[in-house]
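1. Got a predicted structure here, sequence first:
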Amino acid sequence: MEPRSDQFIIDNAERYKRLVAAFKPSKSDAKGDGSTTAASGEIVVSARVRPMLEEELAQGFPSGIHIRGKTNIIDLHALKQPVRGLPTITSSSYAVDRVFGPDSTSSEIYESLVKPLVPWAWSGGVSTLFAYGQTGSGKTYTVSALERFVAETLMDGSMEGERLINVSIIELAGQTAYDLLNARKQISILEDSLGTTQMAGALEHRVSDKETFLSYIEAAASLRRTAPTLKNDSSSRSHAICRIRFENPDLPAADDGLLYLIDLAGSEAARDKAVHDATRMKEAREINTSLSVLKDCIRGRALADADAYSGRAAAAKKPAYVPFRQSTLTKTLKHVFDPASARSCKTVVVACVNPCLADLGASKNTLRYAELLRAVVPKTKAAEYSPTAPATWNNEQLCDWIRRNSGTPPINPSLLAPTETGPQLLRLPLPEFLSRCLKTALVIPDQAQAFQAKFWKLHVDAASKPAPAPTTATPTSALVRLALLDSSADPEPDAGSIPFRERIRPGMVVRWTPREEYASFVVGGKERKGMAVVLCPAGAVGGRVRDFRGVVVNDGEEGKEEEGGRYLCAMVAPSLLPGSYGVSLWRQAVVAVEEMEAEVLMEWDEATRYYYMTV
Ligand SMILES: Nc1ncnc2c1ncn2[C@@H]1O[C@H](COP(=O)(O)OP(=O)(O)OP(=O)(O)O)[C@@H](O)[C@H]1O
């Protein structure tokens, strides 16, 4: 019997406090000292336990959450009524990377955890802060305070160099997105043909002073509080994303830095049993899915980074899978999660916890989720030093290589990598790498760019060497090929140096402008473009095979000159999910080689079962 009513808790509050005071954690239930290392130092998972609110104290509820001394372990004690006898407590414990108790201020959290995200994004990296937790646990309180501190840091003149700062703030409710800086106008989250996610229709506002910045933050917050469509609890049922984009006018071609501050939907909205309304149920399911996909993405990205920078040859292993296309939230954050994007990311998660004993179940779920985010990778031996694998170099080995390989004049290693090891320099955002190179007198941008490419090429070559002694019966090279074949890219090593028209093969995807008779193959709007996947040479099929119009593909005429230059192809067209494509295998057309304009690279995504373009 487990009476959980609020009255039961209030009636037994004093006994509960005595039992908690007498609680001694057993050795086996302590999860280390809370310092277990997550996969990558680039992801920090923290918990913030808010103070008990006055109304909770007034009702007589005790706190059910207890931070263990100076550790990063949190003990949760639930009050139970056994079949016979007096109420007892049952305890569970959770460990995260950092814990902030009820006395910690938002300023402490900012200084120790969030502030480093700002220069990282400023220098061209991608930084993300997530606040997660049940409704009323302090997510909005925390994120809005952190946003204000970010605005201060950006505008206090402490950052090095010039940047153009652009702010947009959007809200995601289910599959729908709204612009919080444009009267909650509906916008679309789209992946363009280069694979970049666009918040199409969202306004970006250039800011250059703190007051304007704060006024945007406040305008978005008040719009969220008074959303007309979602009544009074809109903030708990939608994700709010504040994106700050940094353009570096000195490096116009470089990727812009991105800083995301995200106030997630209340995690409990998804479990609200009292909700029977169909729309609410659907909304709750979508929140649930997005939070679950988010967890898989954070873990997946951590594992992918650990693979990429570990110095171990990773190519023979199946790459860590990051299912970022499975929800609108993670699709919007493609830069953060897509391992193929090669952007250097830092992520901080703040799990917000309501300490009230009456809400212990929800707090337990929050902390369990936080623990799951810490993708702990099995410890492997540090990779042995190899002169051709930058991921195995310490700072001294790295500096030595920079001195000998950076051209004339040599780039000063103490300006490029004052403290970094090889893996750390590999993670450095590209614009920051280039800016540091340019600090050496007389080094020009072309030299910096070429040197960065040389450094990365060495890393990629080292990482793609087949691992020794495969344990399965399948030869390693076959496994590597198999992995490559999930994409339409030609798996032959020298393919890149051969023009695409000279290496046409079944499975290659091409762009073309369909002739009038194939008008229904046009998918590219005004440009009248189409895409097709090559099936076989037109001359390879039997005499009865007809194309989409009913015209015989291979009429068998002897010695037909152009046979080698015409291919039977199937139509490739946009599909249901944004950015996804499908193959209409039976809509066939004959495409001459000279009509093929470019090769398009596509990859297969097992989770959504669609194709997506790659760059
Ligand atoms: N660290 C804190 N110190 C003092 N008060 C706090 C703290 N954290 C939260 N609160 C208070 O707790 C209440 C709930 O906080 P908040 O609105 O931030 O929760 P939330 O998790 O964003 O909820 P929702 O999901 O419904 O938006 C507010 O009244 C807020 O002022």
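-> Yep, that arrived.
2. Quick one: the strands in the stretch 251-400 of the chain, in order.
-> 257-263, 345-353 (DSSP state E, counting those that start in this stretch).
3. can you list contacts of the shortest one?
-> Identification of contacts with strand 257-263 by C-beta atoms under 8 Å, 6 or more residues apart in numbering yields 117-118, 120-131, 139-140, 143-144, 146-147, 150, 163, 235, 239-246, 248, 333, 335-336, 429, 431. Every C-beta, even on glycine, is put in place using the N, C-alpha and C of the backbone.
4. one more time with 7 Å, if that's ok
-> 117-118, 121-131, 139-140, 143, 146-147, 150, 239-246, 333, 335, 429 (C-beta atoms under 7 Å, 6 or more residues apart in numbering).
5. hmm, back to that, put together CSV for the strands of the stretch 251-400 of the chain, with distance to the ligand, mean pLDDT and mean neighbour count on each row.
-> Shown next, in CSV, are the strands of the stretch 251-400 of the chain (distance: least, C-beta to the nearest ligand atom, whole Å; pLDDT from 0 to 100; neighbours: other C-beta atoms under 10 Å):
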stretch, distance to the ligand, mean pLDDT, mean neighbour count
strand 257-263, 7, 93, 24
strand 345-353, 6, 92, 26
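6. May I see these organised as TSV, with distance to P410 added?
-> What follows is the strands of the stretch 251-400 of the chain, written out as TSV (distance: least, C-beta to C-beta, whole Å):
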stretch	distance to P410
strand 257-263	28
strand 345-353	30
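7. hang on, the earlier thing: considering only the contacts of strand 257-263, which also neighbour the ligand?
-> With C-beta under 6 Å from any ligand atom as the criterion, the contacts of strand 257-263 include 139-140 near the ligand.
8. Looking at the contacts of strand 257-263, which are in strands?
-> 126-131, 239-246 (DSSP state E).
9. Closest one of the residues you listed to the ligand?
-> Nearest to the ligand among the ones in strands among the contacts of strand 257-263: A131, at 7.5 Å, using C-beta to the nearest ligand atom.
10. shaky segments in the stretch 1-150 of the chain?
-> Along the stretch 1-150 of the chain, the parts satisfying pLDDT under 70 run over 1-4, 27-41.
11. for it, what spans make up the helices?
-> 6-11, 13-21, 54-58, 106-109, 117-122, 139-155 (DSSP state H, counting those that start in this stretch).
12. Now render the ones you listed as CSV, adding mean neighbour count.
-> Below are those laid out as CSV (neighbours: other C-beta atoms under 10 Å):
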stretch, mean neighbour count
helix 6-11, 15
helix 13-21, 14
helix 54-58, 12
helix 106-109, 16
helix 117-122, 22
helix 139-155, 21
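13. now for those, which one comes closest to L425?
-> Among those, helix 117-122 comes nearest to L425, with 14.4 Å by C-beta to C-beta.
14. so what does the host helix or strand of M199 touch, helix or strand wise?
-> M199 is located in strand 197-200, with elements delineated by DSSP states H and E. Judged by 3 or more C-beta pairs under 7 Å, 6 or more residues apart in numbering; DSSP states H and E, the packing partners of strand 197-200 are strand 185-191, helix 328-332.
15. Partner strands of the first one, with direction?
-> Pointing back at strand 185-191 there. Using DSSP bridges, the strands paired with strand 185-191 are strand 176-179 (antiparallel), strand 197-200 (antiparallel).
16. Can you give me the buried ones in the first one?
-> Using 16 or more other C-beta atoms under 10 Å as the test for burial, strand 176-179 gives 177-179.
17. Now for the protein, the helix or strand with the poorest mean pLDDT.
-> Every helix and strand of the chain was ranked by mean pLDDT, DSSP states H and E. The lowest is helix 476-484, at a mean of 57.
18. which bits of this protein sit near the ligand?
-> Going by C-beta under 6 Å from any ligand atom, the residues of the chain near the ligand are 50-51, 53, 133, 135-141, 235-236, 266, 352.
19. redo that, cut-off 5 Å
-> 50, 135-141, 235-236, 266 (C-beta under 5 Å from any ligand atom).
20. Go ahead and measure how far the biggest strand by length in the chain is from the middle of the chain.
-> With secondary structure taken from DSSP E, the chain has its longest strand at strand 580-592. With C-alpha atoms, centre = their mean, to the nearest Å as the basis, strand 580-592 stands 32 Å off its chain's centre.
21. same thing with stretch 154-164?
-> 26 Å.
22. do stretch 47-54 as well
-> Distance, centroid of stretch 47-54 to centroid of chain: 29 Å (C-alpha atoms, centre = their mean).
23. which residues sit against it?
-> 63, 65, 67, 74, 96, 99-102, 104, 109, 137-138, 142, 350-356, 367, 370.
24. can you map out the helices along the stretch 251-400 of the chain?
-> Ranges of helices within the stretch 251-400 of the chain are 278-309, 328-332, 334-337, 360-373, 395-405, based on DSSP H, counting those that start in this stretch.
25. any idea which of the helices and strands packed on strand 197-200 scores lowest on pLDDT?
-> Across those, strand 185-191 has the smallest mean pLDDT, namely a mean of 81.
26. sorry, back to before: any chance of the residues of the chain next to the ligand in CSV, plus distance to Q588?
-> Compiled in CSV, the residues of the chain next to the ligand are given as follows (distance: C-beta to C-beta, whole Å):
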residue, distance to Q588
R50, 62
T135, 54
G136, 58
S137, 56
G138, 59
K139, 53
T140, 55
Y141, 59
S235, 52
S236, 51
G266, 51
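27. Only the buried subset of the residues you listed, as a ChimeraX command please.
-> Selection of buried members from those for ChimeraX, criterion 16+ other C-beta under 10 Å:
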select :50,135,136,137,138,139,140,141,235,236,266
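28. okay, the helices of the stretch 251-400 of the chain in TSV with mean neighbour count next?
-> Below are those laid out as TSV (neighbours: other C-beta under 10 Å):
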stretch	mean neighbour count
helix 278-309	20
helix 328-332	23
helix 334-337	23
helix 360-373	19
helix 395-405	15
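29. wait, which of those helices is closest to V593?
-> helix 334-337 (34.1 Å).
30. CA atoms only for that closest one - export them in PDB, please.
-> Taking C-alpha atoms only, helix 334-337 is exported to PDB below (Å, rounded to 0.1, in the frame of the first residue of the first chain):
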ATOM      1  CA  LYS A 334      21.100  20.100 -37.000                       C
ATOM      2  CA  HIS A 335      24.300  22.000 -36.500                       C
ATOM      3  CA  VAL A 336      24.600  20.600 -33.000                       C
ATOM      4  CA  PHE A 337      23.900  17.000 -33.700                       C
END
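31. Please enumerate residues in contact with it?
-> Taking C-beta under 7 Å, 6+ apart as the rule, helix 334-337 contacts 126, 128, 197, 258, 297, 301, 322, 324, 330, 341, 343, 345, 347.
32. which strands and helices sit next to the helix or strand where V533 lies?
-> Taking DSSP H and E as the criterion, V533 maps to strand 530-537. In terms of contacts (3+ C-beta pairs under 7 Å, 6+ apart), strand 530-537 is packed against strand 509-512, strand 566-574, strand 580-592.
33. quick one: strands adjacent to the first one?
-> Using DSSP bridges, the strands paired with strand 509-512 in its sheet are strand 530-537 (antiparallel), strand 596-600 (antiparallel).
34. Repeat that for the longest one.
-> Strand 580-592 has the following strand partners under DSSP bridges: strand 566-574 (antiparallel), strand 610-613 (antiparallel).
35. Give me the contact list for the longest one.
-> Contact with strand 566-574 is made by 504, 509, 521, 523, 531-538, 541, 553, 581-585, 587-592, as judged by C-beta under 7 Å, 6+ apart.
36. What is the burial count for the residue nearest to R546 when sequence neighbours are not counted?
-> Counting by C-beta to C-beta, 6 or more residues apart in numbering, V552 is the residue found nearest to R546 once chain neighbours are left out, at 5.5 Å. V552: 13 surrounding residues under other C-beta atoms under 10 Å.
37. per-residue pLDDT, V552?
-> Per the predicted model, pLDDT is 86 at V552.
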